[in-house]
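In: Give me coordinates for this.
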Amino acid sequence: MAFIPVPNTVQLEMVFNLQGEVCENVLHYVKASPWNIVDAADLAASAIVEWSAGVKNNVSDQCSLMNIKVTDISSQTGFVVDYGTGLPLAGTKTSPALPNNCTLVFTKRTALRGRSYRGRLYHLGLTEDMVAGNAVGGGNVAGMIVGYNAMRALAITDDEGLMVVVSRKNEGVWRTVGEATLVTNITSDGVIDSQRRRLP
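Out: Okay, the predicted model is just below:
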């Protein structure tokens, strides 16, 4: 498949160690002008601050954020920044961790409908005290929603990186240029899901 550029957009990979397994969440951010390496490093630092402030309190202490990788996806030869300042950073919940495949799905919503305008992220590090039956407790879900929504706009040097859903295909046809649509809200139904690829 040919490379499909997405103008003024970077991919931010949050790399975790979850009970000995490497796992990732992948987010995308756009701004009004092209990204540079300084902006990308600032974006990574801001992501760490917001994850620490609003998400890690709902993450097992057996899950640690290890690294952030920011890739310029506006060009096939764009830069890559690996950022590890202040890391690793572990979750703070001491209750026994659930198996690695147990996750809570958060939907990245935009103002448009259709598969090209929805995204997902998968919460890592659920613990026994967060769960009743097949669902995560409402207070925990509400706290995570606040935390992830705080990550929709991240401060960088002289601008702001806004979270987007990236689409490279429409109705089964590859686009020549990718489309980035602003995320307006992040939600979850609180029901536990499974990601088999996260199993040891």
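
In: Can you list the strands that the top strand by length along the chain pairs with?
Out: What stands out as the longest strand in the chain, according to DSSP state E, is strand 159-170. In the sheet, strand 159-170 lines up against strand 21-30 (antiparallel), strand 153-156 (antiparallel), strand 173-182 (antiparallel) (DSSP bridges).

In: May I see the buried residues of that strand?
Out: 161-168 (16 or more other Cβ atoms under 10 Å). Yep, even glycine has a C-beta here, placed from its N, CA and C like the rest.

In: do the same with stretch 177-191
Out: Applying 16+ other Cβ under 10 Å to stretch 177-191 flags 178-183, 186, 188, 190 as buried.

In: ditto for stretch 57-69
Out: In stretch 57-69, counting by 16+ other Cβ under 10 Å, buried: 58-60, 62-69.

In: what pLDDT, on average, does stretch 152-164 get?
Out: For stretch 152-164, the mean pLDDT works out to 89.

In: which residue ranges form the strands in the chain?
Out: Under DSSP E, the chain gives strands at 9-18, 21-30, 63-72, 80-83, 89-90, 102-109, 118-123, 131-132, 135-136, 153-156, 159-170, 173-182, 185-187, 192-194.

In: Now do the first one: which elements does it pack against?
Out: The reference is to strand 9-18. strand 21-30, helix 37-54, strand 63-72, strand 159-170 (3 or more Cβ pairs under 8 Å, 6 or more residues apart in numbering; DSSP states H and E).

In: and those as a markdown table, adding distance to Pro200?
Out: Shown next, in a markdown table, are the helices and strands packed on strand 9-18 (distance: least, Cβ to Cβ, whole Å):
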| stretch | distance to Pro200 |
| --- | --- |
| strand 21-30 | 6 |
| helix 37-54 | 24 |
| strand 63-72 | 14 |
| strand 159-170 | 30 |
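
In: Thank you kindly, that will do.
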